[in-house]
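Novice: With the input below, show me the fold.
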Amino acid sequence: MTDCTYVLVPGLVSDARIWRPLADVLSRSHSVIEADVTRDDSIAAMAGRLLDEAEGDLVAVGHSMGGRVAMEMAHQAPDRMIALVLANTGHNTQQPGELAMRQSRIDLGHKSIEGLAAEWLPPMLDPARVSDVALMADLTQMVIVVGADIHERQIRALLGRPDALAYLSAITCPILLLTGAQDKWSPEKQHREIAELALDAEVQVIDHAGHFLPVERSAETVAAITGWLDRRRQDIGC
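Specialist: This is a model prediction of the structure:
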């Protein structure tokens, strides 16, 4: 087995708390980087910076926008990427009507970051979890801490996101795709489409979870990822 580093990449207007339960487990036996994707305004630049900041062989674990960054890391440095874990992510480029929708969210965020959190978060969750006061408070605090300026920067990056379909077939490392059964933003279908193009991909769907699967069902998410890593250990080599 070789040494490798796990790079845990959060998504839009998110921070390290998204992957913290997984980091707590992986850090017992591996080097773990909790990635900062707040500084760049393109997916390619985010990926390039993370590759520059990490050394050696990598396993990139990305949530939502972070999944797109992880795929781009594999595209830019295929020789260094030994596995990908992609949760609640997608592959498409900017869609019709998306620019106006995203701009309205940018405007709302600058007017009231609390208002953005109140509008954006509930539809992203399993409807049964919207009434979870502790979960909602934690996610709301996360959005507030990240703030409107970073939200806008990341939205600009998403609007110019690359077409992952153009290079997915060239990614040769094992890929685990995770999504929540109640994720309406990045549904199972998108993950199946990624898996169909990738050379070595597995899709797992976790029930009673929406787009924030890693925190809505943290124990199940950690178990799915660590179980897959154990099963694929010889192939991954880390």
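
Novice: What is the neighbour count of the nearest residue to Pro127 once chain neighbours are set aside?
Specialist: In this structure, Pro127 finds its nearest non-sequential neighbour in Gln182, 6.9 Å apart by Cβ to Cβ, 6 or more residues apart in numbering. Every C-beta, even on glycine, is put in place using the N, C-alpha and C of the backbone. Taking other Cβ atoms under 10 Å as the criterion, the count of residues near Gln182 is 21.

Novice: Check Asp235 too.
Specialist: Residues lying near Asp235 (other Cβ under 10 Å) number 12.

Novice: Can you tell me the element it falls in?
Specialist: helix 233-236 (DSSP states H and E).

Novice: tell me which residues in stretch 191-207 are buried?
Specialist: By neighbour count with 16 or more other Cβ atoms under 10 Å, stretch 191-207 contains the buried residues His191, Glu193, Ile194, Ala195, Leu197, Ala198, Ala201, Glu202, Val203, Gln204, Val205, Ile206.

Novice: what's in contact with that stretch?
Specialist: 86, 89, 91, 164-165, 168-169, 171-182, 188, 213, 217, 220-221, 224, 228, 235 (Cβ atoms under 8 Å, 6 or more residues apart in numbering).

Novice: One more pass at 6 Å, please.
Specialist: 91, 168-169, 171-172, 174-181, 188, 217, 220, 224 (Cβ atoms under 6 Å, 6 or more residues apart in numbering).

Novice: PyMOL command for the buried members of those?
Specialist: Buried residues among the contacts of stretch 191-207 (16+ other Cβ under 10 Å), as a PyMOL selection:
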select buried, resi 91+168+171+174+175+176+177+178+179+180+217+220+224
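
Novice: thinking again about what came up before, you'd agree the residue nearest to Pro127 is up against Ala128?
Specialist: No. The criterion here is Cβ atoms under 6 Å, and Gln182 misses it with Ala128 at 8.0 Å.

Novice: re earlier: which one of the buried residues of stretch 191-207 is nearest to Leu22?
Specialist: Nearest to Leu22 among the buried residues of stretch 191-207: Ile206, at 13.6 Å, using Cβ to Cβ.

Novice: Beta-bridge partners for that closest one, please?
Specialist: Under the criterion DSSP bridges, Ile206 forms beta bridges with Gly180.

Novice: likewise Val7?
Specialist: Those that pair with Val7 in a beta bridge, by DSSP bridges, are Ile33, Ala60.

Novice: and it, what does it touch?
Specialist: So, once contact is read as Cβ under 6 Å, 6+ apart, Val7 ends up touching Ile33, Ala35, Leu50, Ala54, Leu58, Ala60.

Novice: What of Met71?
Specialist: Ala164.

Novice: Quick check: it vs Ala201, distance?
Specialist: 11 Å (Cβ to Cβ, to the nearest Å).

Novice: quick one, what contacts the residue nearest the centre of the chain?
Specialist: Closest to where the C-alpha atoms of the chain average out (Cα atoms, centre = their mean) is His63, at 1.4 Å. Under the criterion of Cβ under 6 Å, 6+ apart, the neighbours of His63 are Pro10, Gly11, Ile18, Ala87, Asn88, Pro214.
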